[in-house]
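Participant: compute the structure for the input listed below.
(2 chains)
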There are 2 protein chains.
Amino acid sequence: MDGQTDRWLGAPLEQLPTPALTLERAKLRRNAERMRERCAGLGLRLRPHVKTHKTLEGAELATGGTRRGIVVSTLAEARFFAAGGFDDILYAVPLPGTRLEECMALAQQLQAFQLLLDSPTALDLLRQHPLGPGKRWLVWLKLDCGNGRAGVRPTDPAALELARAIAQGAPEEVTLVGVYAHCGDTYSCHDVQAVQAIARATTIAVLNFVTTLRQAGVPCPQASIGSTPSCSHPVPEMAQLTEVHPGNYLFYDLQQTLLGSCQLEEVAIRVLTRVIGHYPHRNQLLVDCGWAALSLHGRHQAPMGCAAIEGHPQLRLVGLTQEHGQVEAIDGQVEFERFPLGSILALIPFHACATAAMHPVYYVHAEGKVVELWHPVRGW
Amino acid sequence: MDGQTDRWLGAPLEQLPTPALTLERAKLRRNAERMRERCAGLGLRLRPHVKTHKTLEGAELATGGTRRGIVVSTLAEARFFAAGGFDDILYAVPLPGTRLEECMALAQQLQAFQLLLDSPTALDLLRQHPLGPGKRWLVWLKLDCGNGRAGVRPTDPAALELARAIAQGAPEEVTLVGVYAHCGDTYSCHDVQAVQAIARATTIAVLNFVTTLRQAGVPCPQASIGSTPSCSHPVPEMAQLTEVHPGNYLFYDLQQTLLGSCQLEEVAIRVLTRVIGHYPHRNQLLVDCGWAALSLHGRHQAPMGCAAIEGHPQLRLVGLTQEHGQVEAIDGQVEFERFPLGSILALIPFHACATAAMHPVYYVHAEGKVVELWHPVRGW
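Facilitator: Okay, the predicted model is just below:
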């Protein structure tokens, strides 16, 4: 609703134009609180990743109002959250050399703008561009503990070499803050036990590396791992880290229920859609939610595909084009009279990060009414 | 680049922050011109669908500067194009009853705001809400000629009945403008011959229905079919229609090359990305383009997955997370020295509509420099 969203404050959910991304405030608060409690119980700092929601309000909730200590996935997010009063922002993508100027501006603006790197090339670049008096580049070494995306493997001699170079090369200009690993490989698991095995292995790999650093006389104050699956059921070993950085848990989603991270009742995100067609000859309903409002994530991964239909386990979303969704009965006939044209279905998305990325506004509700409108940042 | 995009006007492409959606102006112009010529050659009006790009500039190009006669897929698009000086706008999703007020406002504002419907319920709704003196609801009957999404089947007696009800029920309030079919089933084809068979069958089904209407004394001036595959290689029978409504052809994409709609050289869209990591131990490059800049469309459909890497047929994009892409060699070793950190790769997306939906700005270029910035409308 291009620029006209404010008029929906106070409106009952049933009046929203569809498709609409809705978030249940009580669940958001509970998800935020439980993750904070879980981390506090382990003596870990929670540094929430904001990439799922990309909103000031979501990050406010996730940081418990401190606005300190977040992870971002783009420089657009870094600037947006810095402008919104956040600080201690970790940009968790290997430093792109061509965007050093933007990083310098953020480092000057914030008390703590933190970078990730995994190559001597990136370190050289930082050294060649010192921040000047009173400021140092704050660097986390990215470790790859089996996830196989960014990072140096902690068992690779190059890892120790790079950590040493970061910490000791030019201490007035560059500081080694910590080591950072993302256990994204937890997403290929099928149960909590498997998730915990990966979390444990990642934690031990990180801690062993920190021990190696200590023995080599390389100071490395922080150690962080993360992913919503691993942080939803943390293993005791994680208490030896200093922080964790999950993000998706604020919303949760269908994928997280399949991974065992949460119960379906904890999922805060829905896409509301309306029935716009009845096609009895092919036993299908048409709804006004296509991939433009849901994404195609989950299509080949989940038994329910891209979304489950809340309260209607007998129905299945079988097709998505840009603005249309096709709904079928799993067995037998669709009861068309139960779903008149205009009636609302609530879709529980497979992947909240991907679904949220499709929406310019999120409608936050309490007791069936819209109480907040959240506007995410986009772009890079 | 949140709000800072104007500074890139005049910049060489190599300086753009990545990921960046780029469009080659010469190709856009050529694609627009060729489709206009093709339609003119058949005596057909071209009513371009704007859902792929959702920009004023794209629609200006596609309409040859007339700003008259477009198809939109959302009411947000309808309002955006109306505010941008466009008229004769067809909203091509079955009329959602709950949004009638918005449709009424558009119908009052424009000379020709046109609606699609496929049910007596929607027609009743229009009748109950006449537009007042001098204005009529302009309605297209949506036909399903085998695509199996929205629409009534032209062979279903309900189709004639509904057409008659639209045309004759309350002629001062509701007018039957035409019949409209989308041959989206062309997207499941593997060659031009198969696409043409569907285009021919759809055209004949539509024309037969128009004949039936004429014989029944129901006036139906217009008949429109569309899809980029069918309109890229139109069959002679299509000359008997009054208009066509393709959209994707302005950009084209990898999917269209696989369907035979275009040559790879005609694809105007790229996503520029930079190499941000070298991982020789697993023979992979990391790039700063994930699904947030590309979408996951094509992952299980195309031999190259979500994108081809221009000029590097030996490389393949094998993994996409939110902001990271993993690139491998199809055979043998990645030549890492050819792709230093910071070097740019140009990705040719599988599905331009889906990729464009991820970007708040498109960088249009000529002779290697940014000459225009296009800002799409989002939401519903």
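Participant: neighbours of the closest residue to A:V334 other than its chain neighbours, how many?
Facilitator: Leaving aside its chain neighbours, A:V334 sits nearest to A:N283 (5.4 Å; criterion: CB to CB, 6 or more residues apart in numbering or on different chains). Placement of C-beta: from N, CA and C, glycine included. Residues lying near A:N283 (other CB atoms under 10 Å in any protein chain shown) number 13.
Participant: equivalent analysis for A:E310, please.
Facilitator: Neighbour tally, A:E310, other CB under 10 Å: 15.
Participant: so it makes contact with A:L347?
Facilitator: Yes. Between A:E310 and A:L347 there is a contact at 7.3 Å, judged by CB atoms under 8 Å.
Participant: what residues are shared contacts of those two?
Facilitator: The contact sets of A:E310 and A:L347 overlap at A:R270 (CB atoms under 8 Å, 6 or more residues apart in numbering or on different chains).
Participant: now check stretch A:230-238, is it near chain B?
Facilitator: No. Stretch A:230-238 does not reach chain B (CB under 8 Å from any CB of the partner chain); its nearest approach is 15.7 Å.
Participant: what average pLDDT does that stretch get?
Facilitator: Averaged over stretch A:230-238, pLDDT sits at 97.
Participant: need the residues that contact it.
Facilitator: A:35, A:38-39, A:42, A:44, A:183, A:186, A:192, A:195-196, A:198-200, A:202-204, A:207, A:225, A:244, A:246, A:249, A:256, A:260-262.
Participant: go on, stretch A:180-187?
Facilitator: A:90, A:92, A:116, A:140-151, A:194-195, A:198-199, A:202, A:205-206, A:224-227, A:229-230, A:245, A:255, A:259, B:321.
Participant: where does the residue nearest to A:V334 land on pLDDT?
Facilitator: Looking at A:N283, its pLDDT stands at 97.
Participant: what of A:L106?
Facilitator: So A:L106 comes in at 98 (pLDDT).
Participant: for it, what is the enclosing helix or strand?
Facilitator: Assigned by DSSP states H and E, A:L106 falls within helix A:100-109.
Participant: and that helix, what does it pack against?
Facilitator: Helix A:100-109 sits against helix A:75-83, strand A:87-91, strand A:113-117, with contacts defined as 3 or more CB pairs under 8 Å, 6 or more residues apart in numbering or on different chains; DSSP states H and E.
Participant: mind checking the pLDDT average for the last one?
Facilitator: Okay, so that is strand A:113-117. Mean predicted confidence for strand A:113-117 is 97.
Participant: now the longest one
Facilitator: The pLDDT scores in helix A:75-83 average 98.
Participant: which strands or helices does it pack on?
Facilitator: By 3+ CB pairs under 8 Å, 6+ apart, helix A:75-83 packs against helix A:56-62, strand A:68-72, strand A:87-91, helix A:100-109.
Participant: the stretch 101-250 of chain A against chain B: which residues are in contact?
Facilitator: Counting by CB under 8 Å from any CB, the stretch 101-250 of chain A sits next to chain B at A:102, A:118-119, A:121-122, A:144, A:148-150, A:153, A:156, A:184.
Participant: any chance of the residues you listed in CSV, with neighbour count too?
Facilitator: Formatted as CSV, those follow (neighbours: other CB atoms under 10 Å in any protein chain shown):
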residue, neighbour count
A:E102, 18
A:D118, 27
A:S119, 20
A:T121, 16
A:A122, 25
A:D144, 24
A:G148, 16
A:R149, 21
A:A150, 26
A:R153, 19
A:D156, 14
A:G184, 21
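Participant: let me know whether A:A329 touches A:H312 as I believe.
Facilitator: No. Applying CB under 8 Å, one finds A:A329 not in contact with A:H312, separated by 9.4 Å.
Participant: ends of stretch A:32-51, how far apart?
Facilitator: 15 Å (CA to CA, to the nearest Å).
Participant: other residues contacting it?
Facilitator: A:58-59, A:61-64, A:69-74, A:77, A:81, A:88, A:90, A:92, A:224, A:226, A:231-232, A:234, A:236, A:238-239, A:241-250, A:353, B:322-323.
Participant: show me which of those residues are buried.
Facilitator: Among those, the ones that count as buried by 16 or more other CB atoms under 10 Å in any protein chain shown are A:58-59, A:61-64, A:69-74, A:77, A:81, A:88, A:90, A:92, A:224, A:226, A:231-232, A:234, A:238, A:241-250, A:353, B:322-323.
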